[in-house]
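> Give me a 3D structure for the following:
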Amino acid sequence: MPDTQTIHASCIAINHTAILLLGESGSGKSDLALRLIDSGATLVGDDQIVLRKEGNTLLISPAPRLEGLLEVRGVGIVTLPYIQNIPLALVVQLVAPHEVERMPEPEFFDCLAVQVPLLSLHAFEQSTPAKIRLFLSHPPQM
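Sure, this is the predicted structure:
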């Protein structure tokens, strides 16, 4: 089994932990990353993310050719400070508004035989950045 995997996603870090943003093209990954960065998060990567297993932890880095780059729709590609090799704490699957469950059962993202908490949220809902921060600071009993 390989110890690394590259996926189509965006990723930011809050308090030295990575939050991976998954979704179809146009689902708001880069937009949500930008809003989180604007409120204090740090870019890990945009578009192509490398996951590396170390023990029971997934470490996240940008794809080497995309380090520090973020696509900002309507502006273009911008260069930002970024970090790498940061432990993954949360995965957010971006979904349509009607797919966000009011009281969801615990879900997990499974990659390289490591499970990480998974939330399904709508990228463009105003409270989505707050929900992510709340989950990180006060995780529900899973």
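> For the longest strand seen in the chain, list every residue counted as buried.
Ordering each strand of the chain by length in residues (DSSP state E) puts strand 42-54 first. Neighbour counts over strand 42-54 (16 or more other CB atoms under 10 Å) mark 42-47, 49-53 as buried. For the C-beta atoms, the positions are set from N, CA and C on the backbone; glycine is no exception.
> got CSV for the residues you listed, with pLDDT too?
Compiled in CSV, those are given as follows (pLDDT from 0 to 100):
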residue, pLDDT
42, 98
43, 98
44, 98
45, 97
46, 96
47, 93
49, 98
50, 98
51, 98
52, 97
53, 97
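> So which of these is the closest to residue 9?
Nearest to residue 9 out of those is residue 49 (CB to CB; 4.6 Å).
> Can you tell me how far that closest one is from residue 65?
As judged by CB to CB, to the nearest Å, residue 49 and residue 65 stand 13 Å apart.
> other SSEs contacting the longest strand of the chain?
Judged by 3 or more CB pairs under 8 Å, 6 or more residues apart in numbering; DSSP states H and E, strand 42-54 is in contact with strand 4-14, helix 29-38, strand 57-62, strand 69-72.
> got those as JSON lines, with mean pLDDT, mean neighbour count and distance to residue 99 columns?
Formatted as JSON lines, these follow (pLDDT from 0 to 100; neighbours: other CB atoms under 10 Å; distance: least, CB to CB, whole Å):
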{"stretch": "strand 4-14", "mean pLDDT": "97", "mean neighbour count": "20", "distance to residue 99": "18"}
{"stretch": "helix 29-38", "mean pLDDT": "96", "mean neighbour count": "20", "distance to residue 99": "16"}
{"stretch": "strand 57-62", "mean pLDDT": "98", "mean neighbour count": "21", "distance to residue 99": "25"}
{"stretch": "strand 69-72", "mean pLDDT": "94", "mean neighbour count": "18", "distance to residue 99": "24"}
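> quick one: which of the ones you listed is nearest residue 127?
Proximity to residue 127, assessed across the helices and strands packed on strand 42-54 by CB to CB, is greatest for helix 29-38 (11.2 Å).
> Which strands or helices does that closest one pack on?
The contact analysis (3+ CB pairs under 8 Å, 6+ apart) places helix 29-38 against strand 4-14, strand 17-22, strand 42-54, strand 69-72, strand 86-94, helix 128-137.
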